[in-house]
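Visitor: Any chance you could fold what I've pasted below:
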Amino acid sequence: MIPLISIRKVGKTFRIPGAYPWSASREVEAVRDVDLEVADGEVVALVGQSGSGKTTVSRLVLGLERPTSGEIWIEGSRWDNLDERERQVRRVAYQYVPQDALAALDPQQTVLEHVVETLKVLARVPRGDAVARGAAMLARLGLSHRHHALPRELSGGEQRRVTLARVLALEPRLVVADEPTSGLDPERRASVLEDLVGNLPERAGCILVTHDLDAAFPYCHRVVVMLEGRVIETFDPRKDTPTHPYTRSLLDPWQEPSPGAP
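Guide: Next up, the predicted model:
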């Protein structure tokens, strides 16, 4: 079976300018030799601390960055070497949930207007149908009573659900969610993840980018752990026990290091 996403030996190097106009620039290898697959209907958590490379991988998958090496295939066809005009036709099927929900929302648009405009502009849905689909998705996310609220009038959890509604109403094939629970308390984190995973279209895949391994466990089929730009461990949280010391430290930062652990 052809995977929804196949990342093959992908690397990404950024050139960083010097501090002054006369300073030499330097190269930073953000991602190194990464292999990753996501199957239809699979939720994969991409975890690691800040600077591990997980956000860069998510941007590479969506075509927001071009890899320095390797290949990215989506639904059986090469993706990373397309120009933006070729990608644009398919982008409606591959959607992104941002980390900063409030910054992603228009301060002058109501909750319902955000979803309706997304459907009209990206999916070319007529306004009447867009209103009906938008209202239905907001109802599934518990926001029926907030149709006319502006972003500043919403709680942090409600702002996240608006960004989810915009994406999920498009019925995408792939959702990449970048730290969708950042800044929320534990109860709201679980609720937002449940809303995201529970409302994915049938057979849609999801990459859940997070540093919070505990929160990701109940909602994903596989966990891919990154450190210093590399994948260091992949496991099924439903039946496998993590073995790498770094992975165990993400689960329990206060644990004593194992004998001989790096």
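
Visitor: name the element Glu71 belongs to?
Guide: Secondary structure assignment for Glu71, by DSSP states H and E: strand 69-74.

Visitor: So which elements touch that strand?
Guide: strand 5-16, helix 54-61 (3 or more Cβ pairs under 8 Å, 6 or more residues apart in numbering; DSSP states H and E). For every residue, glycine as well, the C-beta is placed using N, CA and C.

Visitor: Single out the most deeply packed of those.
Guide: Greatest average neighbour count among those goes to helix 54-61 (a mean of 24), per mean count of other Cβ atoms under 10 Å.

Visitor: Render the CA-only coordinates of that helix in CSV, please.
Guide: Extracted as CSV, the C-alpha positions of helix 54-61 are listed here (Å, rounded to 0.1, in the frame of the first residue of the first chain):
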residue,chain,number,x,y,z
LYS,A,54,10.5,18.7,14.3
THR,A,55,9.0,22.1,13.1
THR,A,56,11.4,22.1,10.2
VAL,A,57,10.2,18.6,9.2
SER,A,58,6.6,19.8,9.3
ARG,A,59,7.4,22.8,7.1
LEU,A,60,9.2,20.5,4.6
VAL,A,61,6.2,18.2,4.5
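
Visitor: Now do that helix: distance to the chain's middle.
Guide: 8 Å (Cα atoms, centre = their mean, to the nearest Å).

Visitor: Now do it: which elements does it pack against?
Guide: strand 5-16, strand 26-38, strand 43-47, strand 69-74, strand 174-178, strand 205-210.

Visitor: Helix or strand next in line after the strand holding Glu71, which one?
Guide: strand 77-78.

Visitor: who does that next one pair up with?
Guide: strand 69-74 (antiparallel) (DSSP bridges).

Visitor: Is it correct that Lys120 falls within a strand?
Guide: No: under DSSP: H, G, I helix; E, B strand; the rest coil, Lys120 falls outside any strand and is assigned helix.

Visitor: so how far is the least confident helix or strand in the chain by mean pLDDT off the chain centroid?
Guide: Within the chain, no helix or strand scores below helix 213-216, which has a mean of 79 by mean pLDDT, DSSP states H and E. Chain-centre distance of helix 213-216: 14 Å, with Cα atoms, centre = their mean.
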